[in-house]
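>>> Prediction below, plus the sequence it came from.
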Amino acid sequence: MYSMSELSPRRAAVLAFIRERVEEEGRPPSLAEIAQACGLASRGAARKHVLALAEAGLVEVAAGQARGVRPAGPRARPALLQVPVLGRVAAGAPIGADAGLSEVLALDARLFAQRPDYLLRVQGDSMIDDGILDGDLVGVRRTPEARDGQKVVARLDGELTIKRLSLGPDGIRLLPRNPAYAPIEVAPGQDFAIEGVFCGLVRRE
């Protein structure tokens, strides 16, 4: 097994980007995104680096998938997480949160970039461009803090919504990922809190 110090700077950058994207977005980057982020000339160049990382045991590649690369880890026996489903969250205008326990699901840990503390059922379509659809169960890791650009579950005036967090000089905004919806501006002094960050989703067919 290679360590980061044994990789070339470009290959280490590719590995770091893959890990960062999975942690922050809950899904791997595409080859085109890897090429753009790491200054590579083409998808083919990105693929060569990814295959080399796979050969070194640092990533795993699923054949035939556009986003089929993930950081390597223990895979012999998939860990099952017992994750409670708590209420719902709006992907649209904020809605009230039902804090009652709906059910507990046993889920493969590999579905998530980080271990979720609970799941919330999505209602609405304001996050469809991030692949979050109406009816999805989103995994949430409890934390009162998040970085600019992360997908968060936020409480605004006692109601929950899932959006991208924007932290700028003009204040806090909650950004939808559907052009049909306007950003939510958080006014100074408004009742606002970050409940957690998105770490993956479950979609029931």
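Thanks, I have it.

>>> So Asp148 lies in a strand, does it not?
No. Going by DSSP: H, G, I helix; E, B strand; the rest coil, the assignment for Asp148 is coil, not a strand.

>>> Distance of it relative to Ala180?
Noted for Asp148: a distance of 23 Å to Ala180, by C-beta to C-beta, to the nearest Å. Glycine gets a C-beta too; all of them are placed from N, C-alpha and C.

>>> Got the confidence number for Phe112?
At Phe112, the pLDDT value in this model is 83.

>>> Determine the number of other residues adjacent to it.
20 (other C-beta atoms under 10 Å).

>>> Now do the residue nearest to it when sequence neighbours are not counted, the pLDDT please.
The spatially closest residue to Phe112, leaving aside those adjacent along the chain, is Gly200, at 3.6 Å (C-beta to C-beta, 6 or more residues apart in numbering). We have a pLDDT of 89 for Gly200.

>>> which ones are touching Gly200?
Gly26, Arg27, Leu111, Phe112, Ala113, Gln114, Pro116, Val138, Gly139 (C-beta atoms under 8 Å, 6 or more residues apart in numbering).

>>> so what's the third one closest to, chain neighbours aside?
Yep, that's Leu111 we're talking about. Nearest non-adjacent residue to Leu111 (C-beta to C-beta, 6+ apart): Gly200, at 5.2 Å.

>>> does that neighbour sit in a helix or strand, and which one?
Assigned by DSSP states H and E, Gly200 falls within strand 192-202.

>>> Break this protein into its domains for me.
4-71, 80-202 (automatic domain parsing).

>>> Other residues contacting stretch 25-38?
10, 13-14, 17-18, 21-22, 40-43, 45-47, 49-50, 66-70, 112-113, 130-131, 139, 151, 198-201.

>>> cool, stretch 167-185 as well?
91-92, 94, 125-130, 132, 147-148, 152, 154, 156, 161, 163-166, 186-188, 192.

>>> Show the buried residues in those.
The neighbour count (16 or more other C-beta atoms under 10 Å) marks 91-92, 94, 125-128, 130, 132, 152, 154, 156, 161, 163-166, 186 as buried among the contacts of stretch 167-185.

>>> weakest of the domains of the chain by average pLDDT?
Taking mean pLDDT as the measure, domain 4-71 is lowest among the domains of the chain, coming in at a mean of 82.

>>> how far out from the middle of the chain is that one?
Centre-to-centre, domain 4-71 and its host chain are 17 Å apart (C-alpha atoms, centre = their mean, to the nearest Å).

>>> Also stretch 103-121?
Distance, centroid of stretch 103-121 to centroid of chain: 12 Å (C-alpha atoms, centre = their mean).

>>> For Leu156, list each beta-bridge partner.
Glu159, Phe192 (DSSP bridges).
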